[in-house]
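Novice: need a structure here:
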Amino acid sequence: MAAEQFQRSDFNWQIQQFFRRVGEWIELRFPQVQPPNLPDAPNWWFPSWWLEAGFWVLVSLAVAWLGFQIYLWVHAYLNRNQAEIAKFFDLTASQPEKERTIAGWVKSAQEFQQQGNYREASRALYMAMLQRLNETKLITIDKSRTDREYSRLVQLLPQAESYQMLLETHELLCFSDTPISAEMFDRVQRAYGNIERATVDMAKMA
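Specialist: The predicted structure follows:
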């Protein structure tokens, strides 16, 4: 009972202090204005469990909002990444056979490089890497896979770091407008060359 009386008095005191400070602020800001007498604060009292429940409701709403934002980001990431893989399949299905080869993608990369379009040149080498993985049966290409999933799958392959280089560059292409410099494309090109040599060596040993 004493605790309840203390909570009631404490909250009531805080309300009274609030009204008093509002009146003082008005007097300081507008000395020529005489504010009306502020009424005594009502003798409100909220049980402590109300305040605690309100606090947890606010926390729950904040967590739910944050979780929803994370969901939207992940959903957008997966959709965009899978769209790039689907684009690869659509291109290979609609173009003539000679343009669906690894050599066709490499040729496209060279043409984009000559035009100074290093973003598309890097993308073409990424497509060539996927095609090479598929044709050599090291990893079967699946529309539903993301770059992160491919990153896990290539970890045990020779030249895993080179695969990672191409995958990370592709993620950069998908999720930012960062320009790809000639120096960066040169690293991508060297990484693809390492992959090409590694798969050729594996084919010879088979």
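Novice: From residue 178, how far out is residue 184?
Specialist: 9 Å (Cβ to Cβ, to the nearest Å). Bear in mind the C-beta positions are built from the backbone N, C-alpha and C, glycine included.
Novice: Looking at these two, which is more packed in?
Specialist: Each of residue 184 and residue 178 has its neighbours counted (other Cβ atoms under 10 Å); residue 184 has more, 17 against 10.
Novice: what comes into contact with stretch 115-132?
Specialist: 85, 88, 91-92, 100-102, 105-106, 108-110, 112-113, 141, 163, 166-167, 169-170, 173, 179-182, 184-185, 188-189, 192, 195-196, 199 (Cβ atoms under 8 Å, 6 or more residues apart in numbering).
Novice: Write a PyMOL command that selects only the buried members of those residues.
Specialist: Selecting the buried subset of the contacts of stretch 115-132 in PyMOL, with 16 or more other Cβ atoms under 10 Å as the burial test, is done by:
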select buried, resi 85+88+92+102+105+106+108+109+112+113+163+166+167+169+170+173+180+184+185+188+189+192+195+196+199
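Novice: Show me the contacts of stretch 115-132 that map onto helices.
Specialist: Members of the contacts of stretch 115-132 lying in helices (criterion: DSSP state H): 85, 88, 91-92, 102, 105-106, 108-110, 112-113, 163, 166-167, 169-170, 173, 182, 184-185, 188-189, 192, 195-196, 199.
Novice: mind listing what residue 138 touches?
Specialist: Residue 138 neighbours (Cβ under 8 Å, 6+ apart): 157, 199, 202.
Novice: Looking at those, which is nearest residue 149?
Specialist: residue 157 (14.1 Å; Cβ to Cβ).
Novice: List phi and psi for the closest one.
Specialist: phi -80, psi 150 (degrees, to the nearest 10).
Novice: what residues are up against it?
Specialist: 138, 163, 198.
Novice: residues near residue 119, how many?
Specialist: Per other Cβ under 10 Å, the neighbour tally for residue 119 reads 17.
Novice: possible to save the contacts of residue 157 as CSV with distance to residue 61 and pLDDT?
Specialist: Formatted as CSV, these follow (distance: Cβ to Cβ, whole Å; pLDDT from 0 to 100):
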residue, distance to residue 61, pLDDT
138, 48, 90
163, 43, 94
198, 52, 89
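Novice: Reformat these as a markdown table; add distance to residue 125.
Specialist: Below are those laid out as a markdown table (distance: Cβ to Cβ, whole Å):
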| residue | distance to residue 125 |
| --- | --- |
| 138 | 17 |
| 163 | 12 |
| 198 | 15 |
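Novice: Looking at those, which one is closest to residue 147?
Specialist: Closest to residue 147 out of those is residue 163 (10.2 Å), distances taken as Cβ to Cβ.
Novice: ok, now how distant is that closest one from residue 24?
Specialist: 69 Å.
Novice: same deal with residue 104?
Specialist: Using Cβ to Cβ, one obtains 79 Å as the distance from residue 104 to residue 24.
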